[in-house]
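# Next one to model:
(one chain, ligands or ions: 1)
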Amino acid sequence: MINYLSFFIIGAAIGSFLNVISLRYKPGKKLFSEDVIAGRSHCPHCRKILKWYELVPVFSFIIQKGKCRHCKHKLSWQYPLIETLSGLIFIFIPISLGVPIFAPQSIIWILIFFIFILISLIDFRHYIIPDQLNFSLAILGLFLISIKEKTRTFGMFEGSFLGHYSGLFGLRDNIWINHFFAALLGMIFFGLIIILSRGRAMGWGDFKLVGPLGFIFGWPDILMIVFLSFIIGSVFVAPLLIKGVKKMKDVVPFGPFLIIASSLTFFFGYQIINSYFSLFGV
Ligand SMILES: [Zn+2]
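Down below sits the predicted model:
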């Protein structure tokens with residue numbers, strides 16, 4: 001119990017750092033530059049520099065009732081939300097993988113999920129996904145594949161979040177071919193949609209994101225991710241279209257939908273495909 005609490009606190013502290021990066025980032029700026037990462041935190045409204053006790057993840061927000069102590073300006077719900085989410089990532093990723101938190105797979109997946117959060121926040125705010133983040137995902141994918149190859153956790157019925165169902169989709173002789181194929185397939189599919197819709201359905205940032213996702217998750221997991229992202233996308237966008245808040249030509253960032261779909265596949269991939277197949281009595 002005490003372990004979980006300390007993991008949560010570490011995760012939440014990283015989450016508050018992710019908040020800062022996403023808020024200071026501006027398109028065209030280097031993501032990991034000094035003025036994005038360094039510098040002390042201040043209230044976005046009155047710009048007063050915050051003391052350490054105003055920066056305790058989640059707790060400061062609750063104690064200050066979501067307001068700045070100095071100017072009483074309301075603070076964004078993004079702060080406690082992302083901090084809580086990051087804390088939970090630290091606890092639930094090792095549990096879901098069934099390995100200790102300090103196992104290489106755990107650490108890589110935790111890093112992947114932190115990048116997921118950054119991508120969602122930045123894409124949601126600026127309609128852009130920094131290349132550095134997509135590139136970092138690809139590098140983490142490389143590590144992940146090497147580990148899976150070394151630990152022999154890839155095979156006919158393993159090495160996929162879809163469990164034994166992965167065997168139905170083939171391509172399970174070689175992990176590298178499998179993961180490269182998944183990346184290529186995702187990029188071809190998204191590339192076609194972008195070209196055919198003339199960039200109205202999604203942008204090249206999404207194209208550059210789906211490649212690393214395919215590389216990380218492999219085949220057939222990428223199939224579920226793409227499928228789910230379109231379902232989630234239409235669930236979110238349909239009410240906006242009906243209410244007339246957005247017109248189809250308005251940009252809706254697709255990155256967060258891909259990220260939610262990837263997270264669902266990571267945590268519930270097997271349950272999702274299992275209930276899909278039992279729906280048809282297979
Ligand atoms: Zn203030």
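# quick one, helices of the stretch 101-250 of the chain?
104-126, 131-150, 175-196, 204-217, 221-243 (DSSP state H, counting those that start in this stretch).
# Now do the helix or strand that comes right after the last one: distance to the chain's middle.
The reference is to helix 221-243. As assigned by DSSP states H and E, the chain's next helix or strand after helix 221-243 is helix 255-279. Offset of helix 255-279 from its chain centre (C-alpha atoms, centre = their mean, to the nearest Å): 13 Å.
# List the residues that contact residue 216.
If a contact means C-beta atoms under 8 Å, 6 or more residues apart in numbering, then residue 216 has 112, 137, 140, 141, 144, 179 as its contacts. To be clear about C-beta, it is placed using only N, CA and C from the backbone, and glycine gets the same treatment.
# Name the member of those residues with the most neighbours.
Neighbour tally across these (other C-beta atoms under 10 Å): the maximum, 26 neighbours, falls on residue 179.
# Please name the nearest non-neighbouring residue to that residue.
In this structure, residue 179 finds its nearest non-sequential neighbour in residue 218, 4.5 Å apart by C-beta to C-beta, 6 or more residues apart in numbering.
# ok, the one you found - how many residues close by?
Around residue 218 there are 30 residues (other C-beta under 10 Å).
# Any chance of TSV for the helices of the stretch 101-250 of the chain, columns mean pLDDT and distance to the ion?
Shown next, in TSV, are the helices of the stretch 101-250 of the chain (pLDDT from 0 to 100; distance: least, C-beta to the ion, whole Å):
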stretch	mean pLDDT	distance to the ion
helix 104-126	95	20
helix 131-150	96	30
helix 175-196	96	42
helix 204-217	96	33
helix 221-243	90	32
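# Please name the nearest non-neighbouring residue to residue 69.
Closest to residue 69 by C-beta to C-beta, 6+ apart is residue 54, at 6.2 Å.
# Could you do residue 90 as well?
Distances taken as C-beta to C-beta, 6+ apart place residue 11 nearest to residue 90, at 3.2 Å, with adjacent residues excluded.
# Which element, helix or strand, includes that neighbour?
helix 2-24.
# mind listing what's buried in that helix?
Neighbour counts over helix 2-24 (16 or more other C-beta atoms under 10 Å) mark 7-9, 11-24 as buried.
# ok, now stretch 165-176?
165, 166, 172, 175.
# any idea how far the ion is from the third one?
Counting by C-beta to the ion, to the nearest Å, the gap from residue 172 to the ion is 55 Å.
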